[in-house]
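> Output the structure for:
(chains A, B, C and D)
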4 protein chains.
Amino acid sequence: MTVRVGVIGVGVMGADHARIFAREVRGAEIAAIYDADAKRAAAVASETGARDLAASPESLIADRNVDAVVIASPDSTHAPFALAALAARKPVLCEKPLAASSREALEVVAAESRLGKRLAQVGFMRRYDPPYVAMKAKWKTGALGRPLMFHCVHRNASAPAFFTADMAIANSAPHEFDVARYMLDCDLTEIAAFQPASASAGQLVKPVFLILRSAEGALVDVEVNVNAAYGYDVRGELVCERGTVALGAPAAIEVNLSHTRSTAYPEDWRPRFAEAYRLQDQAWLNAIERDSPDERAASAWDGYAAAIVAEAGLRALHEGRAVAVAMAEKPGLYQKR
Amino acid sequence: MTVRVGVIGVGVMGADHARIFAREVRGAEIAAIYDADAKRAAAVASETGARDLAASPESLIADRNVDAVVIASPDSTHAPFALAALAARKPVLCEKPLAASSREALEVVAAESRLGKRLAQVGFMRRYDPPYVAMKAKWKTGALGRPLMFHCVHRNASAPAFFTADMAIANSAPHEFDVARYMLDCDLTEIAAFQPASASAGQLVKPVFLILRSAEGALVDVEVNVNAAYGYDVRGELVCERGTVALGAPAAIEVNLSHTRSTAYPEDWRPRFAEAYRLQDQAWLNAIERDSPDERAASAWDGYAAAIVAEAGLRALHEGRAVAVAMAEKPGLYQKR
Amino acid sequence: MTVRVGVIGVGVMGADHARIFAREVRGAEIAAIYDADAKRAAAVASETGARDLAASPESLIADRNVDAVVIASPDSTHAPFALAALAARKPVLCEKPLAASSREALEVVAAESRLGKRLAQVGFMRRYDPPYVAMKAKWKTGALGRPLMFHCVHRNASAPAFFTADMAIANSAPHEFDVARYMLDCDLTEIAAFQPASASAGQLVKPVFLILRSAEGALVDVEVNVNAAYGYDVRGELVCERGTVALGAPAAIEVNLSHTRSTAYPEDWRPRFAEAYRLQDQAWLNAIERDSPDERAASAWDGYAAAIVAEAGLRALHEGRAVAVAMAEKPGLYQKR
Amino acid sequence: MTVRVGVIGVGVMGADHARIFAREVRGAEIAAIYDADAKRAAAVASETGARDLAASPESLIADRNVDAVVIASPDSTHAPFALAALAARKPVLCEKPLAASSREALEVVAAESRLGKRLAQVGFMRRYDPPYVAMKAKWKTGALGRPLMFHCVHRNASAPAFFTADMAIANSAPHEFDVARYMLDCDLTEIAAFQPASASAGQLVKPVFLILRSAEGALVDVEVNVNAAYGYDVRGELVCERGTVALGAPAAIEVNLSHTRSTAYPEDWRPRFAEAYRLQDQAWLNAIERDSPDERAASAWDGYAAAIVAEAGLRALHEGRAVAVAMAEKPGLYQKR
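Below you'll find the model as predicted:
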């Protein structure tokens, strides 16, 4: 079986997905591409052997030759396109965030719930990252005891000039919220936010330090540092009762030169998570083939959960206090079986 | 010149100091030892070639053959003995804490201030630990920019059954408070405390997670985990504007065996900080010899500062809110020249 | 385009290739499977959706529905099947070794040379391993200067009881010979062999330590240690004039438990080189699709080169002296363009 | 007890020893200093509080106020001064090499043997380096089984222009020969030497790669690379039957900056072995105090052994063949008790 994939939006992430589906996984072909920038659409279509350039997102979704839809257009369009794909009963892989707000994310959840079938997957690719997967597997062996704390670090080399601390919480931190929910197998119930006040960072957004509580009582702390300068770096350490497990530092090579022993950091997240994206996209295809969601996949509900935690985080930052996360009731569709 | 050292209290730390002065540094001899347990006193005296067993702490301090005093007796006795040594105008190396409370520590500060001479050093040995020293030297080069955050981890293999979360803040965390003040070269002004609520840890004290602000606006976070189970482990990472610097993992050997590559953790802090204790004790002797305090030394004021931060931390834990650190005014004696 | 792959031999490696072609790469399907053990053939066929079970290797090679052939049958059959595939003008991916002897490997080279087209690839998958690739890319930047030495370590957890030192050189070391030729971009011209004489290893094959010279004068040393006991471990460090580059230790997670900090070694080579196999197999398909060999691929000539170095290594071990590698003249087909 | 130490030769190493005895260890004072460069002698004497500037090495050795002698003068003078100190029955710490030739070293051995008392210690300080000591302790636990191979790397940032490959074997490698004998607890019986022939290193001495056999059948290989360029680096891995143990990479700090994670290499051996020198010098003092040689100390016999292995290594390099090490018979004085 070959899944005919349509891709809406071929900026950095959309083009990467198109390449993955065209070259690196089994069972897909690029059926159609849409991008507001027609030239970019044409370039990626040519590169990935796409059959068709769609005239609009809507026509791509409606296209009979499109079996499944990837949404990688601007954030504000994610939910409308996801809803349209669900209406067409087509599987959708939606880049994070699922929606511009938790309220809107809940609409996707509700629509899917009415369908009675999980068709949407949110692109929280870390759930497929071998180090995170191995970390979870390790504590699930029981050897370490129960989780008490999860220390997370999220560092970007630099953020665009328009980036704000709010955006760090709303756009960057959700990867951490989702991976914490995945890692701990439970929801996050409270969040507090801190920021250093050091002056000389100038116009740059300073780091945000978040502390969250899980429903089972673990603490999660997250450094979200979008101007870390030295490179892209993601870390995690799960502190359990009898030991800890941390993400490795997966360096291909080590160089001795100029009085240092060094390994390299990438400029952005793509080399770090290349394997995770490939595994995620393959798992999505496999799930479509067998008509049953992948068990590791981030669902629309998970997309909603990340959004509502981020909203509580924003309030926590603005109000300088811990804020409870008020989640809606989870529809039966998303209950574990 | 040979400094004739008297040691009050020869439990674990006092005996270690006595051995260091007797064997590993230049310019000292053990003149007298006192311990409430006379047998223990005799054993350590014999091992270290001490000339005399003192009948009481007071007589040790008064002894003309004792030039300088090490206080390693139970915590509650530190301040009274320190005051007595100051009254005798003898240099004193006081194991942490300097006093049982910040109020009492302030009495030592006041007494020393009246003397007009810094004679007391508090045993915050990390200030002499080569990795911490190298970390500070690194950011002081300016290459990394200004400090924004300092992540600290303090893990003991296990705590005695009577240990409480309060004791973790009052007894263990002060090492972190002092090293943060040393590292950042400024005071700590606010503290908040969090604890995981996970159940199955049973009777064990759960970790405490502290967040502090420095006078210059940096954030300091500290995991104080006295039942980490896997061994003694101290970590630190200073996050600056352009990069970070972290304590190395100073393993003598790496072993490949039984499908793992591993390095060993010690059971307690003594192997980790053996070099720091030796360097501290040598620096103390050198300072006595040249009659001028070592510039890296923790002063009585530093002992007071650690105590008052700990007290604020206790209130933060009990009241579930951030608590400001209300420090007294710093006497001129402790101003940097 | 979908390449219809036939797999001869579905033991450990053949079954792995079948799974990779069936599930993890783009552009293939399993058309036919042959194995002397019919049950095993049927099981792998079922698992990988193979259309057909071939009655014999010859019929598989002749099958019109088979576009390309993977040879993973016993070593002694590699060359005859490769020759048959070449005779049928079908692309072939032959597990190492290419042949049972350098003489036989040269027959494959000659046959391919007569065809005038490179259709055979030898499964030296390390050429696709990201750490080795990054190591080569690093020295090729010129920053390190020219290579002087290449230190290699090849450790298996354990070898079967029938394994001998000769087999370590003939079967295990060729991976190192090939990767050294790939890394240094030149041939190996001389080899010497050493063995420890320590007694208590009992019946186990002791390590062999090889020293080779490259045509450009670099030294290559290789520890081939098939009973290393602690796990599967492959290492490499390229020592250049101004610095060195070493393979990283790519651990997904790091665990703190029981007084150690550890990362895990796998039991065998498959987890270590899973990514290399996938990339190799994808590159082979891509090469078939564009009808032009992959530039990183190990050719039949490379298969011959590894074999003749191994034969010189055996003589070096038996005769206790350095032995020159007497390579045939390289046919024009394999000259770099 | 205070040992009054006289130091002959206060170039780099002699001055370092003088500082260690004056400041970092217990039980010594610098009684006299001699250096052919009177200004240098005066400067170090002033810095270390030496009582006296000796008029000649001979008068220093004869001085009644000198209890023990450190020899750190040019290599060719070591043996004559050591013999003079033995004649005066004074303990001597002689920097490596003990003598300019194995024949001359044997004269020291013979003289000491006639005295019937071990008074000479050779400055093979690695025997006191905590990582080497821990490595030996690890295999001695028995957990790893017996040693099969010992891989050693000795890299200097750069060598003086006059340095030759012969000097690399004669001057640098002896540290490795001694530490191999110490580590394996047995003699080295055979040595072979290899050199890369790569051209572009220009005038620089190329690395020498040595392979040795121990009396118990283990292989030892050593890269002696005096122009490694990137810094000073010493490595060792002991490969045993059931696992391996390697020297750690003892970095005080780790820096994240400019897209790399790095630790620093020192320019030369002194920071790497500072602790070893201090421990060696303290152990030497302690041995003098209790009038019995330190069990870890390198004896005159060990100095002879390193020299004769180096001489065999030179022949191996020049003649391009493995050369047996023809050791003299070991006098009873040096037999283990």
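> Wondering if stretch A:122-136 reaches chain C at all.
Yes - using Cβ under 8 Å from any Cβ of the partner chain, stretch A:122-136 reaches chain C at A:130-131, A:133-135. All C-beta atoms are positioned from the backbone trio N, CA, C, and that covers glycine.
> Keep only those of those that are in helices.
With helices identified by DSSP state H, the entries of these that belong to them are A:130-131, A:133-135.
> What's the per-residue pLDDT of the residue nearest to the spatial centre of chain A here?
The geometric centre of chain A, computed from its C-alpha atoms, lies nearest to residue A:124 (Cα atoms, centre = their mean), at 2.6 Å. Residue A:124 is assigned 98 on the pLDDT scale.
> thinking it is in contact with residue A:181, fair?
No - in this structure residue A:124 lies outside contact range of residue A:181 using Cβ atoms under 8 Å: 9.3 Å.
> which residues do those two both contact?
Common contacts of residue A:124 and residue A:181, defined by Cβ atoms under 8 Å, 6 or more residues apart in numbering or on different chains, comprise A:302, A:306.
> What is the three-state secondary structure of residue A:213?
At residue A:213, secondary structure determined by DSSP: H, G, I helix; E, B strand; the rest coil is strand.
> residues near the residue lying closest to it once chain neighbours are set aside, how many?
Using Cβ to Cβ, 6 or more residues apart in numbering or on different chains and skipping the chain neighbours, the partner closest in space to residue A:213 is residue A:190 (4.3 Å). Burial of residue A:190 is recorded as 18 neighbouring residues (other Cβ atoms under 10 Å in any protein chain shown).
> is it true that residue A:190 touches residue A:214?
No - using Cβ under 8 Å as the test, residue A:190 is too far from residue A:214 to be in contact (9.1 Å).
> How about the contacts made by residue A:1?
Residue A:1 is in contact with A:27, A:289, counting by Cβ under 8 Å, 6+ apart.
> CA atoms of the helix or strand containing residue A:108 as CSV?
Here residue A:108 sits within helix A:102-115, counting by DSSP states H and E. The C-alpha coordinates for helix A:102-115 follow below in CSV (Å, rounded to 0.1, in the frame of the first residue of the first chain):
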residue,chain,number,x,y,z
SER,A,102,-6.6,25.5,24.0
ARG,A,103,-10.2,26.5,23.2
GLU,A,104,-9.6,26.0,19.6
ALA,A,105,-7.7,22.7,20.2
LEU,A,106,-10.7,21.5,22.1
GLU,A,107,-12.8,22.1,19.0
VAL,A,108,-10.6,19.7,17.1
VAL,A,109,-10.9,17.2,20.0
ALA,A,110,-14.6,17.6,19.9
ALA,A,111,-14.8,17.1,16.2
GLU,A,112,-12.7,14.0,16.3
SER,A,113,-14.7,12.7,19.2
ARG,A,114,-17.9,13.1,17.2
LEU,A,115,-16.2,11.1,14.4
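> Show me what secondary structure element comes after that helix.
Beyond helix A:102-115 toward the C-terminal end (DSSP H and E), the next one is strand A:120-122.
> Contacts for that following strand next, please.
The contact list for strand A:120-122 (Cβ under 8 Å, 6+ apart) reads A:82, A:85-86, A:91-98, A:108, A:112, A:178, A:284, A:287, A:293-294, A:297-300, A:302-303, A:306.
> Strand partners (parallel or antiparallel) of that strand?
Partner strands for strand A:120-122, per DSSP bridges, with pairing direction: strand A:92-94 (parallel), strand A:298-299 (antiparallel).
> for stretch A:115-131, which positions count as buried?
A:118-131 (16 or more other Cβ atoms under 10 Å in any protein chain shown).
> now do stretch A:156-167
Across stretch A:156-167, burial judged by 16+ other Cβ under 10 Å covers A:156-159, A:163, A:165, A:167.
> Quick one: end-to-end distance for it.
End-to-end distance for stretch A:156-167: 13 Å, by Cα to Cα, to the nearest Å.
> Check the burial of the closest residue in space to residue A:207 that isn't next to it in sequence by counting its neighbours.
Of all residues not flanking residue A:207 in the chain, residue A:225 sits nearest, at 4.0 Å (Cβ to Cβ, 6+ apart). Neighbours of residue A:225 under the rule other Cβ under 10 Å: 24.
> pLDDT on whichever strand or helix holds residue A:153, on average?
Residue A:153 is part of strand A:147-155 when elements are defined by DSSP H and E. Averaged across strand A:147-155, the pLDDT comes to 98.
> and what of stretch A:329-337?
90.
> and if you look at stretch A:287-294?
Mean predicted lDDT for stretch A:287-294 stands at 97.
> That stretch: end-to-end distance?
End-to-end distance of stretch A:287-294 (Cα to Cα): 5 Å.
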